[in-house]
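Enquirer: got a structure for you, letters missing:
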Ligand SMILES: C[S@@+](CC[C@H](N)C(=O)[O-])C[C@H]1O[C@@H](n2cnc3c(N)ncnc32)[C@H](O)[C@@H]1O
C-alpha cells in the first residue's frame, strides 16, 4: 500500500478513489512544477505537509456544508485550496494569491486535475474584497500572516455568520492569540473553537471563528495597512 494511503488510514481518514487519485496526481504536479512553489520535493513529505496537514482538521473537527462558497486567502501553489476542493467537491472554492506565477500554476493544476468546483484569482485580498463584499460562507488561510491580519483580510469577504478557519502552529497560544482576541473584538468575530492536536509529531492549532456583525465600511483598509498597522497591535 502506498505511503499516503497508509497515513490516511492510520488517522482514520477514508477518501473515495477518485479523490485519492487526484491528490496523488496533485503531488506529482506540484513537486515537479518548473517554477518553485514549495520547498518540499519528496512525495512522502508532500503527502504529509501539503495534503494531510490541509485536510486533517476539516476531516476531524469541522464538517463543511454542501453548496457553500469558500475562499483560500494566500493560496500560494494551491495549499490548502486544491486538496480541499478535491475532497469537498460540493463546496465552491476561490483560490486567491497576489503573485501571478503562483496563480498561473494553480490555474494549471485546476485544469489538469479537472477540478470543477474551484477557480483562481490573481489579486491582493484587500482589492478583491472591495468587489466581493460578504459573498463567502467560509474563508481559510495557511502560512500567510499573523491571525489578526488574517481576520481583517477575511472580514469583508464573509457573510454575517460566515466562518474563518486558521491553521496555526505552537506559537499561536504564546504569541498570536492576544492579537487575535483584540482584533476579533474590534471587527466583530467570535472565537468559536481553538482545537489543539498533534500531527506528525508537531503541535498544531485549528482556530474556528464566526463573523457576528456586518463589517464596518472602512474595511478593507488600503493595501498593506493590515500588515503595517495590525488591528491587534504592533509587535
Ligand atoms: C508563505 S505563502 C503560503 C502559501 C500557501 N498557503 C501554503 O501554505 O503553502 C503566503 C502566500 O500568501 C500570499 N499573500 C500574502 N499576502 C497577501 C495579500 N494581501 N493578498 C493576496 N495574497 C497574499 C503570498 O503571495 C504568498 O503566496
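Expert: Perfect, I can see it now. Computed from a predicted model, the values in this text were never measured in an experiment.
Enquirer: Now do the contacts for residue 197.
Expert: Going by C-beta atoms under 8 Å, 6 or more residues apart in numbering, residue 197 touches 56, 57, 60, 61, 204, 205, 206. C-betas here are computed from N, CA, C, even on glycine.
Enquirer: Pull out the buried members of the residues you listed.
Expert: Buried members of the contacts of residue 197, counted by 16 or more other C-beta atoms under 10 Å: 56, 57, 204, 205, 206.
Enquirer: Mind putting the contacts of residue 197 into TSV with pLDDT?
Expert: Formatted as TSV, the contacts of residue 197 follow (pLDDT from 0 to 100):
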residue	pLDDT
56	97
57	98
60	96
61	97
204	97
205	98
206	98
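Enquirer: what's the most distant pair in those residues?
Expert: 60 and 205 (13.1 Å; C-beta to C-beta).
Enquirer: Where helices are concerned, which of the contacts of residue 197 count?
Expert: Assigned to helices by DSSP state H, the following of the contacts of residue 197 qualify: 56, 57, 60.
Enquirer: could you measure the closest residue to the last one other than its chain neighbours against the ligand, distance?
Expert: It stands for residue 60. Excluding the flanking residues, the one nearest residue 60 by C-beta to C-beta, 6 or more residues apart in numbering is residue 197, at 7.4 Å. Note on residue 197: its distance to the ligand, by C-beta to the nearest ligand atom, to the nearest Å, is 18 Å.
Enquirer: Which strand or helix spans residue 197?
Expert: For residue 197, the host element (DSSP states H and E) is strand 189-199.
Enquirer: again with residue 34
Expert: Using DSSP H and E, residue 34 falls outside every helix and strand.
Enquirer: report the longest helix in this protein, please.
Expert: Under DSSP H, the chain gives helix 17-32 as its longest helix.
Enquirer: what's the nearest residue to residue 147 if we skip its chain neighbours?
Expert: Residue 147's closest residue in space is residue 180 (C-beta to C-beta, 6+ apart), at 4.0 Å.
Enquirer: what's the helix or strand for the one you found?
Expert: helix 177-187.
Enquirer: ditto for residue 149
Expert: Counting by DSSP H and E, residue 149 is part of helix 147-154.
Enquirer: What lies in contact with that helix?
Expert: Contacts to helix 147-154, defined as C-beta under 8 Å, 6+ apart, come from residues 71, 73, 125-126, 129, 139, 141, 144-145, 164, 166, 168, 172, 176-177, 179-180, 182-184, 187, 189, 207, 209, 211, 219-221, 226-227, 230-233.
Enquirer: How far off centre is stretch 81-93?
Expert: 11 Å (C-alpha atoms, centre = their mean, to the nearest Å).
Enquirer: How about stretch 115-134?
Expert: 13 Å.
Enquirer: what are the ranges of the strands in the protein?
Expert: Under the criterion DSSP state E, the chain contains strands at 69-73, 92-97, 118-122, 136-142, 158-168, 189-199, 202-211.
Enquirer: same question for the fifth one, mean pLDDT?
Expert: In this model, strand 158-168 has a mean pLDDT of 98.
Enquirer: hmm, that strand touching the ligand?
Expert: No. Contact of strand 158-168 with the ligand (C-beta under 6 Å from any ligand atom) is absent, the minimum separation being 7.8 Å.
Enquirer: For that strand, which strands pair with it and how are they oriented?
Expert: Under the criterion DSSP bridges, strand 158-168 sits next to strand 136-142 (parallel), strand 202-211 (antiparallel) in its sheet.
Enquirer: With distance to the ligand added, can I get those strands in TSV?
Expert: Formatted as TSV, the strands paired with strand 158-168 follow (distance: least, C-beta to the nearest ligand atom, whole Å):
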stretch	distance to the ligand
strand 136-142	4
strand 202-211	13
